[in-house]
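Visitor: Quick one, fold the following:
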Amino acid sequence: MKATHQFKAEHEGIKVMLRIVERLCSKWESEGNFDDGEFQRIIEFFKIFVDRCHHAKEEDLLFPAMEEAGVPKDGGPIGQMLLEHEQGRGHVREMDGALAWYGSGTPGADTEIRAHGRSYISLMTQHIEKEDTILFTMADSILSAERQTHMFEEFEKFEEEKIGKGVHEQFHRLLDDLAKRYLEEQET
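Guide: Below is the predicted model of the structure:
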């Protein structure tokens, strides 16, 4: 399997979580109910699954391979993706901080959580589109099948070392659970 196919599959899961966050923000505004413990689990998904796993595999494995194949880091798509990874980390930090304020009763914390949540949704939606249509297409054209297969084989070891054995699967279960509760109820 190509490494880029795995990245795209992970993007599908991330897009589901982004839809869940939008649904929660809308529901929070319209109904006033909010489960801050559940939102903390979502932030952990963004910190660990998206950043320490998905983005880290791109930054530590894919981007260096593309650089070795001649794609410049600065002034090109790799540099732009790295910038957007940092912007995403900033939104997640802000959501996490505002969630702590919310828990202590700070006025306006709910607005901050929703604002950064929606900014993160917008950023990541565009980011994923760029990676899927531009960056991964470029990677597929310049990285050999052997290189891609080797990179794909490194993923499991990388995930175990960076986030722990079975953590990836735990986040998939969280994603499935939240999708059933928040996205399926919207469809009925």
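Visitor: How about the longest helix along the chain, which residues are buried there?
Guide: The single longest helix within the chain, with elements called by DSSP state H, is helix 3-31. By neighbour count on 16 or more other CB atoms under 10 Å, the buried set for helix 3-31 is 3-4, 6-7, 10-11, 13-14, 17-25, 28. To be clear about C-beta, it is placed using only N, CA and C from the backbone, and glycine gets the same treatment.
Visitor: quick check: angle from whatever helix or strand comes next after that helix to helix 3-31?
Guide: Using DSSP states H and E, the helix or strand that directly follows helix 3-31 along the chain is helix 36-44. If you take axes from the mean of the first three to the mean of the last three CA atoms, to 10 degrees, helix 36-44 sits at 150 degrees to helix 3-31.
Visitor: quick one: buried residues of helix 36-44?
Guide: F39, I42, I43.
Visitor: In CSV, list those along with pLDDT and distance to G88.
Guide: Shown next, in CSV, are those (pLDDT from 0 to 100; distance: CB to CB, whole Å):
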residue, pLDDT, distance to G88
F39, 92, 17
I42, 97, 14
I43, 97, 12
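Visitor: that older thread, can you name every helix or strand that the longest helix of the chain contacts?
Guide: Packed against helix 3-31 by the contact rule (3 or more CB pairs under 8 Å, 6 or more residues apart in numbering; DSSP states H and E) you find helix 36-44, helix 109-130, helix 136-142, helix 145-162, helix 167-178.
Visitor: tell me the most buried of the ones you listed?
Guide: The highest average neighbour count among the helices and strands packed on helix 3-31, using mean count of other CB atoms under 10 Å, belongs to helix 109-130 at a mean of 18.
Visitor: same for that one, what does it pack against?
Guide: In terms of contacts (3+ CB pairs under 8 Å, 6+ apart), helix 109-130 is packed against helix 3-31, helix 77-103.
Visitor: closest one to H172 among those?
Guide: Minimum separation from H172 across the helices and strands packed on helix 109-130 (CB to CB) falls at helix 3-31, 6.8 Å.
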